[in-house]
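Colleague: I'd like to go over a predicted model; first the sequence, then the structure.
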Amino acid sequence: YDGHGDLHVGITNSKGVVYNYDQEGVHRAGSGWEQSISIPLVQPDMWELLQQWDNLLEEFSLEEAWLPHRYQEQQHNCFTFALAFVNRVRLGRGRQPLSKAQFTQSFLLPHTREASRYLSLQQHLAHSDFYIVPVAEQEQ
């Protein structure tokens, strides 16, 4: 990713299948997301929510709101899908929904900034006279 253009957003189930929404509707992808930034949404101690996650996500993805003809590039897109699911889960747990700005600020920006710094460093090193060598386990 070069920092230009829109990013695509999805939500994974417990088996790593990514549910994502575009002009063709909801997709379930078991691969193709290997170059993604993974942002944890659920704390490990939320065992009860983790047990329900897959069913909640599947049921949510089947709703009429996510039919292909409802897709609108700027107003009803993959980001809307992810945020709506997060807010559905939050409401089910008695928490207030997040606005697009709050979701972006709290969840997306910290992780994308970190990834951007990493990618910038990697690109700089790749175009410089550096050679990166893995450290042997005994030296760590």
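Modeller: Nice, thanks for sending it over. Residues are numbered from 1 along each chain as shown.
Colleague: For residue 49, see how far away residue 90 is.
Modeller: From residue 90 across to residue 49, the span is 10 Å (Cβ to Cβ, to the nearest Å). Any C-beta I mention is one placed from the backbone N, CA and C, and that applies to glycine too.
Colleague: what do you get for residue 57?
Modeller: Distance, residue 57 to residue 49, using Cβ to Cβ: 11 Å.
Colleague: who has more neighbours, the two?
Modeller: Ranked by neighbour count (other Cβ atoms under 10 Å), residue 57 and residue 49 place residue 57 first, with 21 against 15.
Colleague: Give me the buried positions along the host helix or strand of the more buried one.
Modeller: Per DSSP states H and E, residue 57 falls inside helix 47-61. By 16 or more other Cβ atoms under 10 Å, the buried positions in helix 47-61 come out as 53, 56-57, 60-61.
Colleague: where does this protein dip in pLDDT?
Modeller: By pLDDT under 70, the weakly predicted segments of the chain are 1-5, 130, 132, 138-140.
Colleague: What are the boundaries of the strands in it?
Modeller: When secondary structure is read from DSSP state E, the chain shows strands at 10-12, 18-22, 25-29.
Colleague: Next, format the ones you listed as TSV and append distance to residue 96.
Modeller: As requested, the strands of the chain are arranged in TSV below (distance: least, Cβ to Cβ, whole Å):
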stretch	distance to residue 96
strand 10-12	19
strand 18-22	23
strand 25-29	26
